[in-house]
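> I need the structure of the sequence given here:
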Amino acid sequence: MLRLESETGWWLVTHPDHARLAGAFAESWGNELFLPPEPRENVLRGIARHDDGWTTRDAAPQITRQGKPSAFSVELVGKYSAFEEIDLADYLTVRNRAVRLIASEDPYAAILISMRTPIVC
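As a prediction, this is how the structure comes out:
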C-alpha cells in the first residue's frame, strides 16, 4: 500500500493500482528526443505489472504501532526506514511473488521486475 496523509485522513493506493498508472504513463514514452523502450510490449507489461505481488498484502492492510496504515509513504519512499513499517522478509516475499506471477507469461518482463528488488547483504 502507498500512503499519503491528508487533513481528513489517509489516501491509500494499492501497489497494483500504482503500477497500472505507471504503465499508462509509460505508454507515452518515446518521441523525437528519446526512443521508446524496447522491446516495447515486454517493458510496458513489466512496468504495469511490477507490483502484482502486493495484491494479497494490500487487500488486508495492517496498522503500525503508531496507528498508521502499514505502507510506503511520501516520507519513507527511498529510505531504508520504509522497512521499519514493512518487514524486510515480507517485502522480499511480495517482490518474489511479483516475479513469479509474470514469469510464465512474459519472462523478459519478469527479469525487469526482478531488477527492482534490492540485494540485501
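> Could you list the residues in contact with stretch 94-108?
The contact list for stretch 94-108 (C-beta atoms under 8 Å, 6 or more residues apart in numbering) reads 39, 42, 45-46, 49-54, 56-57, 109-110, 113-114, 116-117. Any C-beta I mention is one placed from the backbone N, CA and C, and that applies to glycine too.
> So for the lengthiest helix in the chain, what gets flagged as buried?
Longest helix in the chain by number of residues (criterion: DSSP state H): helix 88-103. Within helix 88-103, the residues scored as buried using 16 or more other C-beta atoms under 10 Å are 91, 94-95, 97-99, 102.
> Can you show me the helices along the protein?
Under the criterion DSSP H, the chain carries helices at the ranges 15-26, 40-49, 55-59, 88-103, 107-114.
> Could you dump those into JSON lines with distance to Phe34 and mean pLDDT added?
Supplementary listing: those in JSON lines, determined by distance: least, C-beta to C-beta, whole Å; pLDDT from 0 to 100:
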{"stretch": "helix 15-26", "distance to Phe34": "13", "mean pLDDT": "96"}
{"stretch": "helix 40-49", "distance to Phe34": "13", "mean pLDDT": "98"}
{"stretch": "helix 55-59", "distance to Phe34": "32", "mean pLDDT": "92"}
{"stretch": "helix 88-103", "distance to Phe34": "25", "mean pLDDT": "90"}
{"stretch": "helix 107-114", "distance to Phe34": "18", "mean pLDDT": "96"}
